[in-house]
Structure formats: C-alpha cells, structure tokens
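K.L.:
need a 3D model of the following:
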Amino acid sequence: MLELVALISGAGSNLRALLEAAEDAEYPARVVAIGADRDADGLELGETFGIPTFSVPYSRFADRESWGAALSEQIRPWSPDLLVLSGLMRILPPSMVREFGPNIINTHPAYLPEFPGAHAVRDALAAGAAETGASVILVDDGVDSGPILAQERVPVLPGDTEARLHDRIKPVERRLLIGTILDIANGTIDLQELSRA
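P.N.:
Alright, predicted model coming up:
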C-alpha cells in the first residue's frame with residue numbers, strides 16, 4: 001500500500017477524486033496527509049476524509065529554498081512513498097526534489113511539453129491550438145520538464161473560454177492521476193528507472 005502526501009494550492013478537485021478512489025479497499029494507495037502553500041480551500045478535505053493537514057504559507061518566507069525547508073520538515077514525519085503535487089502552484093526547490101525524488105509526481109493541464117507553466121490553458125487558447133491535453137509527470141528541477149508518466153489529448157472547441165476548456169481537461173487529469181498512482185503501486189511504472197533515463 002503506497003502512502004501519499006498530497007500538496008495543494010486551491011480547492012483540491014484532483015485531490016478529492018484521488019481521495020474518493022482511495023476509499024475503495026482495492027485501490028493500493030492512501031493519502032496520509034494533505035499540505036498547502038497557503039490557506040487553501042482544499043484543506044477542508046482533510047476534515048471530510050479524516051486526514052491530517054498542514055499549511056506552510058509561502059508568503060511567510062524570504063525565498064523558495066527556506067519555504068521548501070519548512071515544507072520538508074512537515075512532510076518528513078509521514079515518510080511518504082510518494083509526494084503528489086495536486087494543484088500546487090509552486091516550483092519545489094532543488095533541495096526538496098533531491099530529498100523526496102524521484103517519488104514526486106505532478107499533474108498539468110496540457111499535453112507536455114506543449115504549454116508548460118502556470119497558465120497552460122490560457123496559453124493554449126492564445127496560441128490558437130486545436131488540441132491541448134492533460135499530463136502526469138515525474139517532478140525534476142525544471143518547470144513541467146520531468147519525464148511524462150501519462151498523458152491524453154483534449155480538443156479545443158470553437159468558443160472555448162479558459163474556464164470551459166479547463167472544466168473539460170480536469171476530469172482527464174483526475175483519471176490520469178488515479179491511473180498513474182495505480183501503475184506506480186503495481187510496478188507498471190518504475191520511478192527510479194525513469195529518473196535514471
């Protein structure tokens with residue numbers, strides 16, 4: 001059974017889907033703690049699902065490295081098998097990637113390497129793309145640049161707004177996240193091997 005720590009910045013809709021999947025006794029992973037980089041609405045999921053939560057507000061630190069050190073202190077006692085960045089809108093400092101990698105995965109609302117960064121859906125629309133997608137990646141020191149674990153295309157439809165397109169990407173993102181964690185748990189995806197590639 002994989003033990004996960006999930007990190008969020010917002011409402012945690014991907015995390016909710018993961019928590020619901022993990023309620024199935026057959027699903028081989030459990031979220032043991034939920035952390036956030038701010039007072040995120042998604043922390044309420046901890047109360048709903050009976051999972052401990054913690055918050056390490058980025059705004060209280062001088063730089064990313066000192067924030068990362070404080071975040072690592074909160075994560076360490078849980079000894080997670082996997083860190084899941086589930087809508088965390090921060091780049092982890094290299095020290096965290098070294099400590100917890102390669103067992104860190106992230107979801108992204110684009111078909112990487114297309115449209116990396118914080119505004120992937122907006123960027124796809126601005127580029128006039130006919131398709132975008134969703135990806136799950138192994139986290140490295142770059143911005144959405146790690147090895148791709150799973151991805152799927154999502155068409156951009158006429159008249160799509162950022163919100164409408166994002167709403168169609170999210171269910172794909174959730175499905176890919178749940179499936180990827182299942183594949184990691186059953187050994188179909190080997191993060192150690194991918195990190196060496």
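K.L.:
just checking, what packs against the longest helix along the chain?
P.N.:
Longest helix in the chain, counting residues (DSSP state H): helix 162-185. Under the contact criterion of 3 or more CB pairs under 8 Å, 6 or more residues apart in numbering; DSSP states H and E, helix 162-185 touches strand 2-8, helix 13-22, strand 29-36, strand 82-85, strand 104-108, helix 120-126, strand 131-138, strand 148-155. Heads up, the C-betas are built off the backbone N, CA and C, glycines and all.
K.L.:
where does pLDDT dip in this protein?
P.N.:
In the prediction, the chain carries no residues with pLDDT under 70.
K.L.:
quick one on the thing from earlier: quick one: contacts of whichever helix or strand comes after the longest helix of the chain?
P.N.:
Heading C-terminal from helix 162-185, the first helix or strand you meet, by DSSP states H and E, is helix 191-196. Outside helix 191-196, the residues within contact range by CB atoms under 8 Å, 6 or more residues apart in numbering are 101-103, 105, 138, 147, 149, 184.
K.L.:
in CSV, list those along with distance to E3 and neighbour count.
P.N.:
Below are the contacts of helix 191-196 laid out as CSV (distance: CB to CB, whole Å; neighbours: other CB atoms under 10 Å):
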residue, distance to E3, neighbour count
G101, 17, 19
P102, 16, 19
N103, 11, 18
I105, 14, 24
L138, 18, 22
P147, 22, 16
L149, 19, 22
I184, 12, 23
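K.L.:
picking up where we left off before, what's the closest of the helices and strands packed on helix 162-185 to I75?
P.N.:
With CB to CB, the closest approach to I75 among the helices and strands packed on helix 162-185 belongs to strand 2-8: 5.4 Å.
K.L.:
list the buried residues of the closest one.
P.N.:
Buried residues in strand 2-8, counted by 16 or more other CB atoms under 10 Å: 2, 4-8.
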